[in-house]
Every structure is written in structure tokens, then in C-alpha cells.
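S.K.: Output the structure for:
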Amino acid sequence: MLVISKHITLPDTEIEMQAIRSQGAGGQNVNKVATAIHLRFDVAASSLPEPYKARVLALRDRRISKEGVIVIKAQQHRSQEQNRVEALSRLQTLLQSVAIAPKPRRPTRPSKGAKRRRLDQKTQRGQLKLLRGNVDFP
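M.R.: Numbering: from 1, shown residues only. Okay, the predicted model is just below:
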């Protein structure tokens, strides 16, 4: 069972993990032993609350497919168990990142004084640049 927050947990049956061979150099261990973990989590078919699902699917993350499946591949460690823990912790942090709803943005406008100061600065800067021009001697 994966704990996301105080009130939300994911049962292990919703998380599909498969052991595969790691990529890259590593010699005999990499060639013989399937130590990497391929984790798949279907967001739409999960028991997550609907607001969580919507926020997860709205993320622009390359680990989330168009079908709404989170795919995580962990192959950092030599042992399968460490890679399993790593994959689960990555899934947990991804789901915890959407646990807090973002605050709605309130549109604001600059004050009259801020507008005036900005325009005064622009005028001063223009005057400075004007003084850099060629000087005509009488």
C-alpha cells in the first residue's frame, strides 16, 4: 500500500511492476539478472479522488502517456528491491505534488504611481541614450 496523504492511499493491486533487464554497461550482472523495474499506474482506473486524477492528467510530464498511464523505469541500483523502492518513491512524489490544489490567480493591475515611475524611468533612459550621440562642435 502506497501512502499519498493522511486520507489517500493506493492499494498494491493498482500498481503494476515488472522486472526487466537494465540498460548500459554493468557486465555479467546486467546481462543475467533482471534488476530494473518498470512501473505502470493507470490514473483513470485508479481509486484516486477525481480532483487528483484531473490534476495528474493535466501535468505536462513525459512519464504520463496520452492514455493516462504513468510509466516509471528505475534502474539506478544493482538490486531489484532497491529499484522497486525507488520507483514507488518516484510515483509517491509525483502524486504528492498534485495533492495541494493550486491557489486561483487574482488578476491585479499596476497602481497609478507604479505606471508613472515606469514611464519616468523610460524617459530618463531615453535622455541618457540621446546624450551618447555625436557631438557637433560650433
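S.K.: which stretches of the protein form strands?
M.R.: Assigned strands in the chain, in chain order: 2-3, 9-10, 15-20, 36-42, 69-74 (criterion: DSSP state E).
S.K.: got the ones you listed as TSV, with mean pLDDT columns?
M.R.: As requested, the strands of the chain are exported to TSV (pLDDT from 0 to 100):
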stretch	mean pLDDT
strand 2-3	88
strand 9-10	89
strand 15-20	92
strand 36-42	94
strand 69-74	94
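S.K.: Comparing these, which comes out most buried?
M.R.: Mean neighbours per residue, mean count of other CB atoms under 10 Å, is largest over the strands of the chain for strand 36-42, with a mean of 20. From N, CA and C alone the C-beta is placed, and that goes for glycine too.
S.K.: can you tell which of the strands of the chain is closest to residue 98?
M.R.: Residue 98 lies closest to strand 69-74 among the strands of the chain, at 11.4 Å (CB to CB).
S.K.: what inclination does that closest one have with respect to strand 15-20?
M.R.: Relative orientation of strand 69-74 and strand 15-20, computed by axes from the mean of the first three to the mean of the last three CA atoms, to 10 degrees: 40 degrees.
S.K.: Extract the C-alpha trace of strand 69-74 and format it as PDB.
M.R.: Output of strand 69-74 as PDB, limited to C-alpha atoms (Å, rounded to 0.1, in the frame of the first residue of the first chain):
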ATOM      1  CA  VAL A  69      -0.800   5.800 -17.700                       C
ATOM      2  CA  ILE A  70       2.200   6.800 -15.600                       C
ATOM      3  CA  VAL A  71       5.300   4.800 -16.600                       C
ATOM      4  CA  ILE A  72       8.400   4.900 -14.400                       C
ATOM      5  CA  LYS A  73      11.600   3.000 -15.100                       C
ATOM      6  CA  ALA A  74      14.000   2.600 -12.200                       C
END
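S.K.: For it, what is the distance to the chain centroid?
M.R.: Strand 69-74 sits 13 Å away from the centroid of its parent chain (CA atoms, centre = their mean, to the nearest Å).
S.K.: which residues touch that strand?
M.R.: With contacts defined as CB atoms under 8 Å, 6 or more residues apart in numbering, strand 69-74 is touched by 36-43, 56, 63-65, 83-84, 86-87, 90-91, 94.
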